[in-house]
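J.: Quick check, what structure comes out for this input:
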Amino acid sequence: MPLTAIEHIHTAARTASGASLDRPVYLDRDLGLYGLVDFEAKQTVYVDVPVARIVALGRRDFWSPGDTWRTITYRIHGDGWSSDVFDYFESPTKEAYFPAPSSLYQLRLSIFGGVAECANGNHRLVAARAWLTDKYGDEAVLRGVRVRVYPIHRCAVDFLTRARCEGTDVLTTTLDHHERKYCRVNGKPIQLLLKTANHPYAIYAWVNEQLVPLEDERTFLQCHFPKQFPPVMDRYDWRTIPLAILEELLDDAWLARQLATAETWED
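T.: Alright, predicted model coming up:
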């Protein structure tokens, strides 16, 4: 009996030699990249997206933390998928709907700096990545994808670049409504807090489109016995941007080459 479409995709995931399939999958909100961008400079275009630059999905209802792009492929059932999906994977997707039952809308990605996250079409994206990587290696691209492009805000670039040079992860957190009301810098609201993994108490506040270093207000006991007396800043929900993603976040050359001539679409 011939293999079904999903069985071909599972086989591709097993046989693909591309190392990018063995990178971990992240959930978009766990990375928090949206907090670093300039929303006013957003562009809506169709571009070719290297599959290796896709770092996160928008849902985690069919996979678990620790999955890689290879292992997550085996969790896709592909019910009702036909061989038409392979033409879809290798064609410009643009406004095309996925040829499968109950599939909704176009494939949609959000691009932050030089990396992409899935905004719609999580299952088909995982399958396409495995299929294309098996055929074309780590240089494989998704063609003509409907994307929203958000450049990294200028006030965050220097901080991120220093972290990359130091070889460290970056952590960010946002304040809740109550904290935003009372935690301010010179009376101005804090948009985001940032720090690096190697300097966890050198914290910067994003205020009025600039990063302002905050004073280290830890007490003697908090400095010397942090487990027994945790500093206030340790209680926040810090999101980690791993160094490997940080490096690609700051390298958007693959995208910049396309933007000048990219076809646009309207919200």
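J.: Grab the longest helix from the protein for me.
T.: With DSSP state H setting the assignment, residue counts place helix 122-136 as the longest helix in the chain.
J.: show me where the stretch 1-150 of the chain has strands.
T.: According to DSSP state E, counting those that start in this stretch, the stretch 1-150 of the chain carries its strands in the segments 26-27, 43-50, 54-57, 108-112, 115-120, 141-150.
J.: Out of these, which gets nearest to residue 261?
T.: Minimum separation from residue 261 across these (Cβ to Cβ) falls at strand 43-50, 9.7 Å. For every residue, glycine as well, the C-beta is placed using N, CA and C.
J.: between that closest one and helix 122-136, how many degrees?
T.: Regarding strand 43-50 and helix 122-136, their directions subtend 40 degrees when assessed with axes from the mean of the first three to the mean of the last three Cα atoms, to 10 degrees.
J.: what's the spacing between strand 43-50 and its chain's center?
T.: The gap between the average C-alpha position of strand 43-50 and the chain average comes to 15 Å, counting by Cα atoms, centre = their mean, to the nearest Å.
J.: try stretch 251-267
T.: Using Cα atoms, centre = their mean, the distance from the centre of stretch 251-267 to the centre of the chain it belongs to is 18 Å.
J.: Could you do stretch 188-206 as well?
T.: Going by Cα atoms, centre = their mean, where stretch 188-206 is centred and where its chain is centred differ by 20 Å.
J.: CA atoms of that stretch as CSV?
T.: Output of stretch 188-206 as CSV, limited to C-alpha atoms (Å, rounded to 0.1, in the frame of the first residue of the first chain):
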residue,chain,number,x,y,z
LYS,A,188,7.4,58.0,33.1
PRO,A,189,5.8,54.5,32.6
ILE,A,190,8.1,51.5,32.0
GLN,A,191,7.4,49.7,28.7
LEU,A,192,9.8,46.8,29.3
LEU,A,193,12.6,45.6,31.6
LEU,A,194,15.7,44.0,30.2
LYS,A,195,18.8,42.3,31.6
THR,A,196,21.4,39.7,30.5
ALA,A,197,21.9,36.3,32.0
ASN,A,198,25.5,37.1,33.0
HIS,A,199,24.5,40.3,34.8
PRO,A,200,21.1,39.5,36.3
TYR,A,201,20.8,42.5,38.5
ALA,A,202,22.0,45.1,36.0
ILE,A,203,18.5,45.9,34.9
TYR,A,204,17.4,48.4,32.2
ALA,A,205,14.0,50.0,31.9
TRP,A,206,12.6,51.0,28.5
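J.: Perfect, that will be all.
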